[in-house]
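1. Structure, please.
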Amino acid sequence: MSAPTKRRGFLSAPPPKPRLDDAEVQRVYPRRRLNVFLGIFLGYAGFYLIRNNVSLVAPLLMDDKGLSTLGIGLIANAVLFAYGLSKFFMATVSDRSNARYFLPIGLALSALTNLFVAFVPWVSGSIAVFATVMFINGWFQGMGWPASGRVLVHWFSTNERGWKTSIWNTAHNVGAAGLGVAAAAALAWTADDWRAAFWFPAVIALIVAVVAFFLIRDTPVSEGLPPIEEHRDDPAKVEIDDADEHLSMWQFVRKHVLTNRVIVLLAVANVFVYALRYGVLNWITVYLADTRGAEISDGITGFVVFELAGIVGTLLCGWVSDKIFRGYRSGTGMLFMALTAIALVAYWQVPAAAPLWISIALVAVIGGLIYGPVMLIGLQAIDLSPRQVAGTAAGFTGLFGYLLGATLASSGVGLMVHAFGWDVSFAVLTACALLVVGIMWVIGKDEKALMRAREEKRLAAEAEEAQAPTADS
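-> Numbering: from 1, shown residues only. Below you'll find the predicted structure:
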């Protein structure tokens with residue numbers, strides 16, 4: 001009697017399909033890669049349509065619901081806090097799940113949560129209930145990055161992943177811009193009814209979730225295609241050995257993520273990167289008003305150029321890491337963080353009599369430089385861990401970035417400015433940039449060792465293949 005077949009869960013990663021013939025592989029592979037990339041790009045942009053719409057309509061909520069700035073802050077922070085936790089914990093599920101289902105389901109659930117806010121009156125009647133619902137929204141939001149990371153690591157090999165990841169990472173800028181357009185249109189149609197800024201983007205997100213489902217596929221082998229490392233003759237930096245085969249998922253995560261020196265160092269670096277990112281971004285308007293006498297509109301201009309420059313910087317960082325540093329991400333990170341430190345000092349030391357546009361331009365330079373390492377740390381996490389836990393590794397670094405780095409940037413910078421002034425605050429932020437350079441240097445030694453081992457393996461395989469005809473003869 002044959003052994004019983006183990007039942008697979010609805011979300012379980014699909015099994016491999018029989019390998020297609022070579023001609024079919026060459027025909028199918030490029031189209032599938034384009035489709036899955038479009039799927040995770042559109043899908044991840046969709047999450048930003050419905051991530052934290054509270055901040056966008058805060059004045060309307062305060063007028064209609066009598067909420068204070070403290071209440072708005074608690075509700076908005078509930079999303080980010082939940083997102084930081086979920087990005088790690090949901091990643092441990094995502095690494096064993098079908099990305100084709102995981103990302104669209106997370107997006108659809110987040111959209112339904114926003115519809116709940118818009119159409120159930122008692123949700124917005126209490127700060128506690130509103131914050132709880134938005135915490136749930138933040139948890140569903142955490143299903144986007146891990147599934148996208150799983151797709152990136154399975155469909156795009158090491159020597160192209162920097163450029164592809166940098167392009168994908170701009171999806172959050174596209175989604176955030178889309179939210180502004182969608183919310184503005186909905187508010188205009190409804191005479192500034194704040195609920196429209198929740199339900200209209202949520203409807204768009206539901207449509208995006210359906211589109212993402214039809215585009216995304218989990219892994220090449222589940223489509224009858226060879227692994228990407230084989231297809232592009234580009235071995236992974238990290239592969240599991242035979243001793244790992246018997247490990248449970250938790251043991252695997254503990255070995256390759258929680259006690260992995262490189263991943264832990266990346267998580268620590270992410271704290272300082274996020275502290276620097278939000279330490280500049282969140283305080284642009286206040287800093288320029290205090291030190292340059294700028295108007296609020298000037299500060300908002302700085303905020304916008306910071307984000308727009310981030311798109312250019314992210315793409316440049318990905319290209320540089322692939323084409324100039326040839327996959328050596330730590331070297332790229334050290335370069336960008338060192339330049340960030342220089343730009344930060346220049347921004348800090350601009351004379352009060354200098355034209356304001358100089359400060360705005362330096363804000364743009366900082367934004368362009370810092371968003372590269374923001375992307376790069378997530379990329380390094382999936383590069384420097386086995387692909388079986390790539391999403392978990394990236395989620396672990398994100399957990400530190402959001403829960404510690406963002407907190408340091410908001411509360412920490414505020415306290416420092418209040419107690420010691422801007423000079424001390426900028427000295428600390430500059431130290432954060434230099435600390436990341438030092439951490440990247442330590443990580444870089446391990447990364448170079450992995451790259452050397454990878455190259456030796458590739459050369460050995462080529463030599464074995466070259467000798468094969470001689471042995472047959």
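
2. Now do the same contact list for the residue most central in space within the chain.
-> Nearest residue to the geometric centre of the chain (CA atoms, centre = their mean): Trp145, 5.8 Å. Contact partners of Trp145, counting by CB atoms under 8 Å, 6 or more residues apart in numbering, are 44, 87, 91, 378, 391, 394-395, 398. Placement of C-beta: from N, CA and C, glycine included.

3. please redo it, this time with the cut-off set to 7 Å
-> For Trp145, the contact set (CB atoms under 7 Å, 6 or more residues apart in numbering) comprises 87, 394-395, 398.

4. residues of the host helix or strand of it that come out buried?
-> In this structure, Trp145 sits in helix 144-155 according to DSSP states H and E. If you call a residue buried by 16 or more other CB atoms under 10 Å, then helix 144-155 has these buried ones: 144-155.

5. which residues touch stretch 181-199?
-> Counting by CB under 7 Å, 6+ apart, 49, 53, 56-57, 60-61, 64, 114-115, 117-119, 200-201, 204 sit against stretch 181-199.

6. same thing but 8 Å
-> Outside stretch 181-199, the residues within contact range by CB under 8 Å, 6+ apart are 49-50, 53, 56-57, 60-61, 64, 114-115, 117-119, 200-201, 204.

7. repeat for stretch 281-296
-> Contacts with stretch 281-296, where a contact means CB under 8 Å, 6+ apart, come from 298-300, 302-303, 306-307, 350, 352, 356, 359, 363, 367, 409-410, 413, 417, 422.

8. thinking again about what came up before, can you tell me the average pLDDT over the helix holding Trp145?
-> In this model, helix 144-155 has a mean pLDDT of 93.

9. same for the following helix or strand past it, what does it pack against?
-> Counting by DSSP H and E, the next helix or strand C-terminal to helix 144-155 is helix 158-169. Here helix 158-169 touches helix 22-48, helix 144-155, helix 296-319, helix 356-383, going by 3 or more CB pairs under 8 Å, 6 or more residues apart in numbering; DSSP states H and E.

10. then the next helix-or-strand element following the last one to CSV, C-alphas only?
-> Read in the C-terminal direction, the helix or strand following helix 356-383 is helix 390-400, with elements assigned using DSSP H and E. The C-alpha atoms that make up helix 390-400 are tabulated as CSV, following Å, rounded to 0.1, in the frame of the first residue of the first chain:
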residue,chain,number,x,y,z
ALA,A,390,15.4,35.5,2.2
GLY,A,391,12.1,37.2,3.1
THR,A,392,12.6,36.5,6.8
ALA,A,393,16.2,38.0,6.7
ALA,A,394,14.9,41.1,5.0
GLY,A,395,12.0,41.3,7.4
PHE,A,396,14.4,41.0,10.3
THR,A,397,16.4,44.1,9.2
GLY,A,398,13.1,46.0,8.6
LEU,A,399,11.9,45.1,12.1
PHE,A,400,15.0,46.9,13.5
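
11. what about helix 390-400, distance to the chain center?
-> Helix 390-400 sits 9 Å away from the centroid of its parent chain (CA atoms, centre = their mean, to the nearest Å).

12. Stretch 285-296 too?
-> Taking CA atoms, centre = their mean, one finds stretch 285-296 lying 30 Å from the centre of the chain it belongs to.

13. Just to check, Ala58 is in contact with Ile72?
-> Yes - judged on CB atoms under 8 Å, Ala58 makes contact with Ile72 at a distance of 4.8 Å.
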